[in-house]
Each structure stands twice: as structure tokens, then as C-alpha cells.
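Asker: no sequence on this one, just coordinates:
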């Protein structure tokens, strides 16, 4: 088994981060409902993927499939926002 310096600290940091993430998601669900909380969680996941391309550009090349997926994701967000705006105005 390999020993990594600082692994215990990283484990504690990750656990604390997960705890506050779950706490925030629960608070958002109580305040705004399940649909907005899920939308925020989905957007966070999308930003995490985009951030991984920015922070670690050598690990995976940005291909046309990633571009297509990003475009579809952004279109889905746009359609959802448009539907909410139309619903709000009626």
C-alpha cells in the first residue's frame, strides 16, 4: 500500500466539503423546492466538467463530442429558462 503525505487532511477537507454541500442542497430544497435545487445541482456538475477542462487541459482533449454535449446542455438550460419566463408572465 502506498503512503501519500497529507492524505488524512485531504480526506477531512473532502468530508467537510461534502457535508456543507449536502447542507446547502437541503436548505435550497426547503427554501425553493426540489426542481430549482436539482437545477442548481445539475449546473454545478456542468461547471465542474467545464472547470476540469480549464484546470487540467492536458488530461483530455476537447473534442467535437464534448462541444456537442456542452451545446446541448446550454440549450436545455435556455429552454428551461424560457419556459419559466413564459409561465411567470401568464
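Answerer: Happy to help now that I have it. Every value quoted in this text rests on a predicted model; they were computed, and no experiment measured them.
Asker: helix, strand or coil for residue 3?
Answerer: Taken by DSSP: H, G, I helix; E, B strand; the rest coil, the conformation at residue 3 corresponds to coil.
Asker: phi, psi of it?
Answerer: Here is the backbone geometry of residue 3 (degrees, to the nearest 10): phi -100, psi 130.
Asker: repeat for residue 63
Answerer: The phi/psi pair for residue 63 (degrees, to the nearest 10) is phi -100, psi 180.
Asker: again with residue 62
Answerer: When quoted as degrees, to the nearest 10, the phi and psi of residue 62 stand at phi -80, psi 100.
Asker: give me the neighbour count for it.
Answerer: 10 (other Cβ atoms under 10 Å). In this view, the C-beta of every residue, glycine as well, is placed from N, C-alpha and C.
Asker: quick one: residues contacting it.
Answerer: residue 53 (Cβ atoms under 8 Å, 6 or more residues apart in numbering).
Asker: any idea how far residue 50 is from it?
Answerer: Per Cβ to Cβ, to the nearest Å, residue 62 is found 10 Å from residue 50.
Asker: cool, residue 65 as well?
Answerer: From residue 65 to residue 50 the distance is 15 Å (Cβ to Cβ).
Asker: who's more crowded, the two?
Answerer: Neighbours were counted for residue 65 and for residue 50 using other Cβ under 10 Å; residue 50 has more, 13 against 8.
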